[in-house]
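Enquirer: Sequence first, then the predicted structure, then my questions.
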Amino acid sequence: MGDKVAQRFVMQQLQASDFLGSWCDFSALGPGFEHHVHRVLWATLEEMTRLVRALVDLPFPQKWVGSSVALGLDISAKATEKEPRILVKLFDWGRSGLYVEDDYGQLDLAEKRECVFYWEHYIGAACRLHWELARIVAHRCCCPGWLALVFEVSAESTGVVRALLGGTNVPALRRDLVGLAMVKVPFKDEFAAENYEVSLQKSTPSSPSSSASLSSLQASLSSLSGSSWFGGAETGVLSIRMAKIAQADGASTLRVDVCQAKFQTAPSSADLVVQVHAFRDEDDAQIHLQSRTKGKASPTPCGRVYSRTTGPGRVVKDAFIWNATYEFVALGESDDGARAAQMRLSTLVPECAAGANTARLVHDMLWPELLPPPFVSAGEAKNLSKVWSQQLAPWLGNWDRCPSGWLGESAQPLGLDDFLGGGKQPRARTDSRKSRHRARASRRAANMPGMNLDASMDSLMSGSFT
């Protein structure tokens, strides 16, 4: 297996929170980039919400195979000076056709059920992406303040296992925890950037079933942590830089630089990454720290949390170098701050409050129950995203609730005019039901004019920024 194939597979295994975080990485633009990221995330969520609602409102299920959602944004330096230019489009119609009323009515029951099957997967995937964007906005863009940071140092490796059939080598991404530490953010309106040394100390897991050897980073900053969390021999030092910049109405930006780490004994893995978790609630940070130190999964926190992950560090002599910069924006507790952002989210997607305990929404630390932070199991995330999706499309997973028009007649207007773009569009089928329409997407032009199908779909374009 070639390196490119292995790297592509690893990229395909990334969680949505990871690749969306990388997609919105504007750190190269300098201080203050996180404010632009917030605008990008809000604009993208608004467009994704429009897309999902347009898909759900289609009168008939579609058999779209291989079609994808494209997310794009303007990353020029001037982009931060105005409203973000973002793109949310559907593309790649090589194996897709568009069913209108006459075509769908010619299908027999088995063919209709096949359409519903494929459409359920398509809508479910779009709703899952919508859910991932909404939970990022709920935590990253709606927090009144950040009280604690937890740093996790992990060894990242790509294991290769032999596939059951064909003898194909398939890489699998794995992260082994090397160490972690908690740092309390000073309770000040602002403070200037300073360099800090965070000592790395070795810790023994308390449970025999935990991983064989974990270490812990102990924050030795008396001004930041105020106390020692672990005992043990020192094994190295992590260098960080931190600053807090105050803005109007109690808002602020916490700027964190992960600089480098030195070890007394070099780690066996050359690929070390650092995860930086910002917590709204200090107790959540402590519980997360204790759980991870014992080799256990972290319980779901009560307060808002947002995480960023560095790339692999560069080895220079006896040090691992990252020089990664992250910003965490706190909106403050004024009416125009976090509360306004939380109200904006609930207005944009009222589904985020569905099924939630309303008492949770009163406290500014707490998040909508359907939009958890990153620390949830794959199973829990799947269940919560399923509930979220069913708020948008009640028939998902329950075909008894499918629109009656899918088994009879229906004539609702289509609503995808703003999202079908990127070349030739799917055409309405006019031939017999056994023939297959194959519309080939053009990858050369982003703004090719669309095709007028009928009065309800008269503007099937464009790939330009919105």
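Expert: Okay, I see it. Bear in mind that the values here come from a model prediction, so they are computed numbers and not experimental data. Numbering: from 1, shown residues only.
Enquirer: Every contact and neighbour count from this point should use C-alpha atoms.
Expert: Fine.
Enquirer: which regions of the stretch 151-300 of the chain lie under the pLDDT threshold?
Expert: Counting by pLDDT under 70, the ranges of the stretch 151-300 of the chain that qualify are 157-174, 200-235, 268-270.
Enquirer: For it, which segments count as strands?
Expert: Along the stretch 151-300 of the chain, counting by DSSP state E, counting those that start in this stretch, strands occupy 169-184, 191-203, 214-218, 234-246, 252-263, 272-279.
Enquirer: With the stretch 301-450 of the chain instead?
Expert: Under DSSP E, counting those that start in this stretch, the stretch 301-450 of the chain gives strands at 305-309, 314-316, 319-330.
Enquirer: any idea which of these scores lowest on pLDDT?
Expert: Among the strands of the stretch 301-450 of the chain, strand 314-316 has the lowest mean pLDDT, at a mean of 89.
Enquirer: so what secondary structure elements neighbour that strand?
Expert: When contacts are defined as 3 or more CA pairs under 8 Å, 6 or more residues apart in numbering; DSSP states H and E, strand 314-316 sits against strand 319-330.
Enquirer: what do you get if the cut-off is 10 Å, keeping everything else the same?
Expert: Where contact means 3 or more CA pairs under 10 Å, 6 or more residues apart in numbering; DSSP states H and E, strand 314-316 is packed against strand 252-263, strand 319-330.
Enquirer: residues of it that come out buried?
Expert: Val315 (16 or more other CA atoms under 10 Å).
Enquirer: Pairing partners for it, with directions?
Expert: The sheet places strand 314-316 alongside strand 319-330 (antiparallel), with pairing taken from DSSP bridges.
Enquirer: for the chain, what's the longest helix?
Expert: Longest helix in the chain by number of residues (criterion: DSSP state H): helix 109-140.
Enquirer: quick one, that helix and strand 305-309 angle?
Expert: Orientation of helix 109-140 against strand 305-309 (axes from the mean of the first three to the mean of the last three CA atoms, to 10 degrees) gives an angle of 100 degrees.
Enquirer: buried ones in stretch 279-293?
Expert: Within stretch 279-293, the residues that count as buried by 16+ other CA under 10 Å are Phe279, Arg280, Asp281, Glu282, Asp284, Ala285, Gln286, His288, Leu289, Gln290, Arg292, Thr293.
Enquirer: Pick out the most distant pair among those.
Expert: The span of those, defined through CA to CA, is set by Arg280 and Thr293 at 20.3 Å.
Enquirer: picking that back up, just tell me which of the strands of the stretch 301-450 of the chain ends up closest to Gln264.
Expert: Closest of these to Gln264 is strand 319-330, at 10.0 Å (criterion: CA to CA).
Enquirer: and the angle for that closest one with strand 252-263?
Expert: Strand 319-330 and strand 252-263 are oriented at 160 degrees to each other (the same axes, to 10 degrees).
Enquirer: Number the chain from 865, please
Expert: Understood, numbering begins at 865; the last thing we discussed is strand 1183-1194.
Enquirer: just the CA coordinates of strand 1183-1194, formatted as CSV?
Expert: Coordinates of each C-alpha in strand 1183-1194 appear next as CSV, following Å, rounded to 0.1, in the frame of the first residue of the first chain:
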residue,chain,number,x,y,z
ALA,A,1183,12.8,18.6,21.8
PHE,A,1184,9.4,18.2,20.2
ILE,A,1185,8.3,21.5,18.5
TRP,A,1186,4.7,22.4,17.8
ASN,A,1187,4.4,26.2,17.8
ALA,A,1188,0.6,25.9,17.4
THR,A,1189,-1.7,28.8,18.4
TYR,A,1190,-5.3,28.5,19.5
GLU,A,1191,-7.8,31.1,20.6
PHE,A,1192,-10.9,30.5,22.7
VAL,A,1193,-13.4,33.4,22.6
ALA,A,1194,-15.6,34.0,25.6
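Enquirer: Let me know the angle separating it from strand 1098-1110.
Expert: Relative orientation of strand 1183-1194 versus strand 1098-1110 (the same axes, to 10 degrees): 30 degrees.
Enquirer: circling back: could the strands of the stretch 1165-1314 of the chain go into a markdown table alongside distance to Arg1265?
Expert: Shown next, in a markdown table, are those (distance: least, CA to CA, whole Å):
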| stretch | distance to Arg1265 |
| --- | --- |
| strand 1169-1173 | 36 |
| strand 1178-1180 | 54 |
| strand 1183-1194 | 42 |
